[in-house]
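**Student:** Return atomic coordinates for the entry below.
(chains A and B)
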Amino acid sequence: MSKYGPNDHPDDAQLVAYLDGELDAPARARVRSALADDAVAARLAELSGTNLPFRQAFEPLLKAAPTERLNTMLDALLTSPGQPGTKQARRLGWERRRFLAASVALVAAGALSDRLLIAFGRPAEEPDHWRAVVAQYLSLYTAETLADIPPDTELRAKELALVNARIGLGLTPQGVDVPGALLKRSQMLLYDSEPLAEITYLDPRSGPMALCIVRSNAPANPVRTEQRRGMNVAYWSGAGHAFMLIGRRPVHDIAAAAQAIADRLSAATG
Amino acid sequence: MASVDTMPYQAYGHEVGAGSGRRMTTVPPVSEGDRGGIVRVGLRGLLPRLWRYGLVLSGRRDVAEDLVQATCLRALERAGQFEPGSRLDRWLFAILHSIWLNDLRSRRIRLGQGFVEAETALTLDGASAMETHILADQVLRRVAALPEAQRKTVFLAYVEELTYREVAEVLGVPIGTVMSRLAAARARLSAEPSDSAGASVSPAFQSPR
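**Tutor:** Prediction:
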C-alpha cells in the first residue's frame, strides 16, 4: 500500500477499501492520519454516502428466482443418462452449450422471449404457423452451428430415444435417415407449450437441415412443398402428428427424402 | 464487511425460496472425499443466488436460467476439482462468470445486437415494485445502470459480500482492479442526486472494461 507524504492524499480506491474494512492495520493507520486534512475527510464523508443498502435492495431478486424450474433442471441433470463427469456427459454438456449459444442467438434476434418457448400465434387458429416459426428458427443455423458435433452413433440413438418418449413415435436413426446428410442432433423444443421434436442434419453441400415434428389433430395429408425464408420445406401429417423437413437442397430432393421418411414411419407404426 | 457464516459445504440438501415446502430433502453428511457429492448436494440450495448473479451479468431472466443450467452442468463435470472445505458458492460464481464471458457474452457481441438494458430485467414488476421500500428500489436501479465491469464487482462485494480477494478470484482480475472498480462505482453513485426518479443516464451495458 502506498505511503502518504505530507502532500499525498489517499486516493478513492484507498478510501473505499478503508470503508470496506479491507485495509491492513498499517494502511488503516495511514488513512486515519491523512484524515487530518479536511479535503480527505470531506471525500471520505462523500464516499461513505454510498454505503447504500445493497444487500437489502437485491433481496427481492432471490424471491423472484424461478426456483421450481431451476430445481427441475437440476433434477434432470442429476438423473440424466450418463453420470456427469463421464465422457458421454461431457458430450451431452457440450451439445447443451451449443444449443445455449443458438438460443442466445435467437434471443438476440428477438425471435424468442424464452429460451425454449416459441410462442407465436395459436396452433388451433393457424395450423401452418408452426412451420413459419420453425423456418425462422432454422434460418439462424449455419453449418458452423453443427459442424463441430463429433460423430457418435450411440449418442444419436439415445437422443432419439428421448425424443420418442416425448413425441410418442418410434423414430430410429435409420427411419429418419436423409441420404447424403449426417444426422447431427435430436432434441425437444417447445412450441406454444407443446413438445416439438427437432432432428438436425448437416448436408455437406447445402448446410443444415431439420426434420421437425409436433403432435397434431390435422387429418392425414400427403407430402406437399413450400418455400420459407429461402429454404425448401416438405410437410405432411398423419397418425396424430404433423411433420416438416426443411433445408436448402433443391425442392424435389427434399420432397423425396420426406416421402421416404413418411413411408418408413407409416410402415413402422402400421 | 462481515462474511456470511456458513459451513464450507452443505451437508444437508435443503431448498430455499418460494415453494420450498414441496421439496425439502435431507441427505446424510457426505465424506470430505466425496467431492461430487458435496457439489451435487450443495448446488440445490444455491440455485436462486446463482440465478440472481446471472441476472446481474446478463440483464435477462431467461439468459440467467441458461447460465445457471450451464453452470450446474460444468460444476458437476468438474466436481473433482472442488476443494472440500472451500466455499462452494464462490467456486460456482467463478464458473458462472467464466461461462458468461467465454460462451455467451462473446457470442452476443458477434451477433452485433448489442445488449439489452439491464434495467428492464433488474427492476421488479409493477405490483411488487410499489410495495418495495423506495430507497431499496432506487438502489437496484442505480446499480443496474452501472457499466458491466462495475456492476458485477459491486454485486459480488456489496450484495454477496465477498472479500476483495474473493471478488478478484471470481472475476479473474487483480485486487487493484477490484478496488478501482468499486471506487469508480461509488464515485458514480455519489454523483447522482439521491432523489432522482430512477432515471438511468447511461445504457445498462457498455463495452467490456
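
**Student:** Let me know the next secondary structure element after the helix or strand hosting B:A75.
**Tutor:** Using DSSP states H and E, B:A75 maps to helix B:61-77. In the C-terminal direction, the helix or strand that comes right after helix B:61-77 (DSSP H and E) is helix B:88-99.

**Student:** Show residues contacting that following helix.
**Tutor:** Contacts to helix B:88-99, defined as C-beta atoms under 8 Å, 6 or more residues apart in numbering or on different chains, come from residues B:6, B:8-10, B:38-39, B:42-43, B:46, B:49-50, B:53-54, B:57, B:67-68, B:70-71, B:74-75, B:78, B:82, B:152, B:156, B:160, B:162, B:166, B:169-172. (Each C-beta comes from the backbone N, C-alpha and C, glycine too.)

**Student:** buried subset of those?
**Tutor:** Buried members of these, counted by 16 or more other C-beta atoms under 10 Å in any protein chain shown: B:9-10, B:38-39, B:42-43, B:46, B:49-50, B:53-54, B:57, B:67-68, B:70-71, B:74-75, B:78, B:82, B:152, B:156, B:160, B:162, B:166, B:169-171.

**Student:** still on that earlier bit, from the contacts of helix B:88-99, which land in helices?
**Tutor:** Mapping these onto helices (DSSP state H) picks out B:38-39, B:42-43, B:46, B:49-50, B:53-54, B:57, B:67-68, B:70-71, B:74-75, B:152, B:166, B:169-171.

**Student:** helices and strands of chain A: which one bottoms out on pLDDT?
**Tutor:** Among the helical and strand segments of chain A, the one scoring lowest on mean pLDDT, DSSP states H and E is strand A:117-118, with a mean of 33.

**Student:** Give the full set of residues in contact with A:N217.
**Tutor:** Residues in contact with A:N217 (C-beta under 8 Å, 6+ apart) are A:G240.

**Student:** which secondary element of chain B has the worst mean pLDDT?
**Tutor:** helix B:126-131 (a mean of 40).

**Student:** Past that one, which element shows up next along the chain?
**Tutor:** Downstream of helix B:126-131 (by DSSP H and E), the next one is helix B:134-144.

**Student:** Check which helices and strands that next one is in contact with.
**Tutor:** Here helix B:134-144 touches helix A:54-63, helix B:118-122, helix B:148-154, going by 3 or more C-beta pairs under 8 Å, 6 or more residues apart in numbering or on different chains; DSSP states H and E.

**Student:** how long is stretch A:247-256 from one end to the other?
**Tutor:** Stretch A:247-256 has an end-to-end distance of 13 Å (criterion: C-alpha to C-alpha, to the nearest Å).

**Student:** Now find how far off-centre it is within its chain.
**Tutor:** 28 Å (C-alpha atoms, centre = their mean, to the nearest Å).

**Student:** got a list of contacts for that stretch?
**Tutor:** Stretch A:247-256 is contacted from outside by A:181, A:201, A:203, A:205-210, A:223, A:225, A:227, A:230-234, A:245-246, A:257, using C-beta under 8 Å, 6+ apart.

**Student:** for the chain, which spans come out with low pLDDT?
**Tutor:** Looking at chain A here, since you left the chain open. Under the criterion pLDDT under 70, the flagged ranges of chain A are A:1-7, A:80-127, A:190-193, A:269-270.

**Student:** You answered for a different chain; I wanted chain B.
**Tutor:** Using pLDDT under 70, chain B drops low at B:1-33, B:106-136, B:192-209.

**Student:** Spatially, what comes nearest to B:A64 if we skip its sequence neighbours?
**Tutor:** B:G54 (3.4 Å; C-beta to C-beta, 6 or more residues apart in numbering or on different chains).

**Student:** Same question for A:L23.
**Tutor:** A:A17 (5.2 Å).

**Student:** that older thread, could you list which of the contacts of stretch A:247-256 belong to strands?
**Tutor:** Assignment to strands by DSSP state E places the following of the contacts of stretch A:247-256 there: A:201, A:203, A:207-210, A:223, A:225, A:227, A:231-234, A:245-246.

**Student:** could you flag which of those are buried?
**Tutor:** The neighbour count (16+ other C-beta under 10 Å) marks A:201, A:203, A:207-210, A:223, A:231-234, A:245-246 as buried among these.

**Student:** out of those residues, who's nearest A:R131?
**Tutor:** A:V233 (6.3 Å; C-beta to C-beta).

**Student:** which helices and strands sit right next to the helix holding B:A75?
**Tutor:** Secondary elements touching helix B:61-77 (3+ C-beta pairs under 8 Å, 6+ apart): helix A:67-79, helix A:87-108, helix B:35-58, helix B:88-99.

**Student:** One more pass at 10 Å, please.
**Tutor:** helix A:67-79, helix A:87-108, helix B:35-58, helix B:88-99, helix B:118-122 (3 or more C-beta pairs under 10 Å, 6 or more residues apart in numbering or on different chains; DSSP states H and E).

**Student:** circling back to that earlier point, what two of the ones in strands among the contacts of stretch A:247-256 have the greatest distance between them?
**Tutor:** Across these, no pair lies farther apart than A:G207 and A:V223, at 21.7 Å, counting by C-beta to C-beta.

**Student:** Correct me if wrong: B:D103 contacts B:V63.
**Tutor:** No: assessed by C-beta atoms under 10 Å, B:D103 is found out of contact with B:V63, at 11.0 Å.

**Student:** could you check the distance from B:G80 over to A:N51?
**Tutor:** 41 Å (C-beta to C-beta, to the nearest Å).

**Student:** The two: which has the busier surroundings?
**Tutor:** Neighbour comparison, B:G80 and A:N51: the larger count goes to A:N51, with 12 against 9 (by other C-beta atoms under 10 Å in any protein chain shown).

**Student:** Please, which helix or strand holds the more buried one?
**Tutor:** Counting by DSSP H and E, A:N51 is part of no helix or strand.

**Student:** A:Y141 versus that one, what's the distance?
**Tutor:** According to C-beta to C-beta, A:N51 and A:Y141 sit 50 Å apart.
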